[in-house]
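**Student:** What follows is a predicted structure for the sequence shown.
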Amino acid sequence: MHALQNCKLFNDFNDTELTEIAERYITKKRFYKDNFIANEGDICNTIGIVIKGQIALQTIYPSGKVLTHLNMKEGDVFGEALLFNQKNHYPIDIRALSECEIGFIAKQNLLIIFADYQQALNNYLMLMSQKLLLLNRKIRNLSLDTIDKRIANFLLQSYSKHGKKMFKTGMSRKAMAQMIQRPSLSRTLSKMRNDGIIDYDGDSFKIIDFDKLEDILS
């Protein structure tokens, strides 16, 4: 029940409603670490909710290199953008990062939930809207032609999100490098620090000179 309370799909639902939905419409399945929950090309006919543990949305290249697009924790939802699409095949792999439990809701059951609970439909549309905004940010980031522009854009977006000059990204250097899709992240960050634009320690960043950071984008 705890995961459903933290799930945005069921925001503003009471305990009675959550219990009924869990018992009637959700099928739970356990996965061990490194098990694949879905493989690229699989048909998506359910949405998944992380009940326990952590999972990763990944692309695995023929060379064996793994690109992690997103990590998910308890309460997070996946598959909602594919479920009602005619091309409903997973474009990525979904892998368990730890022993985990996933709750699956079949398409027909989700439609019943929407019919019985208007709030669930509202929440679903909100989730889709948030995913669209995230995709637009990624597209904008990928359209920037140099790594310093991508880093500047990422830091300014993080500042807007946190509303203060000092903030934590919550991302490791490896995760940032995968998102920016360039190997020279550390070298560029060091140069920005030496130029007096930013300072950082681990995943904590401080913007020192906004003008110089914005100048990079222009």
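**Tutor:** Happy to help now that I have it.
**Student:** Which helix or strand lies directly C-terminal to whatever helix or strand Gln157 lives in?
**Tutor:** Using DSSP states H and E, Gln157 sits in helix 147-162. Next along the chain after helix 147-162, taking DSSP H and E as the criterion, comes strand 166-168.
**Student:** which other residues reach that following strand?
**Tutor:** Here strand 166-168 makes contact (Cβ atoms under 8 Å, 6 or more residues apart in numbering) with Ser158, Tyr159, Lys161, Asp203, Ser204, Phe205, Lys206. Quick note: C-beta positions are derived from backbone N, CA and C, even for glycine.
**Student:** Buried residues, that strand. List them.
**Tutor:** Phe167 (16 or more other Cβ atoms under 10 Å).
**Student:** Tell me the buried residues in stretch 196-207?
**Tutor:** Quick answer for stretch 196-207 (16+ other Cβ under 10 Å): Ile197, Ile198, Tyr200, Phe205, Ile207.
**Student:** for stretch 60-74, same thing?
**Tutor:** Applying a neighbour-count criterion of 16+ other Cβ under 10 Å, one finds Thr68, Met72, Glu74 buried in stretch 60-74.
**Student:** Strands - which of those land there?
**Tutor:** Under the assignment DSSP state E, the buried residues of stretch 60-74 contribute Thr68, Met72 to strands.
**Student:** can I get the buried residues of stretch 60-74 in JSON lines with distance to Asn45?
**Tutor:** Compiled in JSON lines, these are given as follows (distance: Cβ to Cβ, whole Å):
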{"residue": "Thr68", "distance to Asn45": "25"}
{"residue": "Met72", "distance to Asn45": "19"}
{"residue": "Glu74", "distance to Asn45": "23"}
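**Student:** got TSV for the buried residues of stretch 60-74, with distance to Arg24 and pLDDT too?
**Tutor:** Converted to TSV, the buried residues of stretch 60-74 look like this (distance: Cβ to Cβ, whole Å; pLDDT from 0 to 100):
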residue	distance to Arg24	pLDDT
Thr68	34	83
Met72	24	93
Glu74	21	93
